[in-house]
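**Student:** sequence plus the predicted model coming up.
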Amino acid sequence: MKIINWIKRVFPFYKFISFILIGVVNTVNAVLLSWLYSSFLHANMAFVAGYITSNIISYILNSIFTFKEKLSFNCYIRFFISYIPNFLIQNAVVFLVHNMWKKPELAAYAAAAILSVPITFLLLSMFTFGRRKSE
């Protein structure tokens, strides 16, 4: 029973669903923006520019709809830092699943997303949008 109560407290249903839906929007934004930027930037630079732009949009959407917090530069910096483990975890999972275990790319991407989403939600809930009301 303690584990169920902990899960309910850490992953409030509506916040988690909102976070997932915004994540879908963010993924589409990242792909489309990277593609748009690739018309005038090298592919790797376009990916970075698309990732950063979509991250800004994700911060705004998560602040307003998921965590109901006012926008601030300090909070955005914490938000961006919270996505560093997400990026590292996803890359590590893709490396393991696709390169080491020789599974299809799609399986690697799906595994990376499934593993990184709850961790990122926890980081955002505790580090970025924690109970800090001083800003």
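**Tutor:** That came through, no problem.
**Student:** residues contacting the longest helix seen in the chain, please?
**Tutor:** Under DSSP state H, the helix in the chain containing the largest number of residues is helix 13-37. By CB atoms under 8 Å, 6 or more residues apart in numbering, the surrounding residues in contact with helix 13-37 are 45-47, 49-51, 53-55, 57-58, 61-62, 65-67, 117, 121, 124-125. C-beta here means a position set from N, CA and C on the backbone, and glycine is covered the same way.
**Student:** which parts of the helix or strand following it are buried?
**Tutor:** Helices and strands here follow DSSP states H and E; after helix 13-37, the next one along the chain is helix 43-61. Neighbour counts using 16 or more other CB atoms under 10 Å place 46, 47, 49, 50, 51, 53, 54, 55, 58, 59, 61 of helix 43-61 among the buried residues.
**Student:** what is the burial count for the nearest residue to the second one once chain neighbours are set aside?
**Tutor:** So the one you mean is residue 47. Leaving aside its chain neighbours, residue 47 sits nearest to residue 34 (4.9 Å; criterion: CB to CB, 6 or more residues apart in numbering). Residues near residue 34, counting by other CB atoms under 10 Å, number 21.
**Student:** pLDDT score assigned to residue 34?
**Tutor:** Per-residue pLDDT puts residue 34 at 84.
**Student:** check the gap between it and residue 49 for me.
**Tutor:** The gap separating residue 34 from residue 49 is 7 Å, by CB to CB, to the nearest Å.
**Student:** can you check residue 129 too?
**Tutor:** From residue 129 to residue 49 the distance is 25 Å (CB to CB).
**Student:** try residue 15
**Tutor:** According to CB to CB, residue 15 and residue 49 sit 29 Å apart.
**Student:** for the protein, which spans come out with low pLDDT?
**Tutor:** 1, 4, 6-11, 131-135 (pLDDT under 70).
**Student:** thanks a lot, catch you later.
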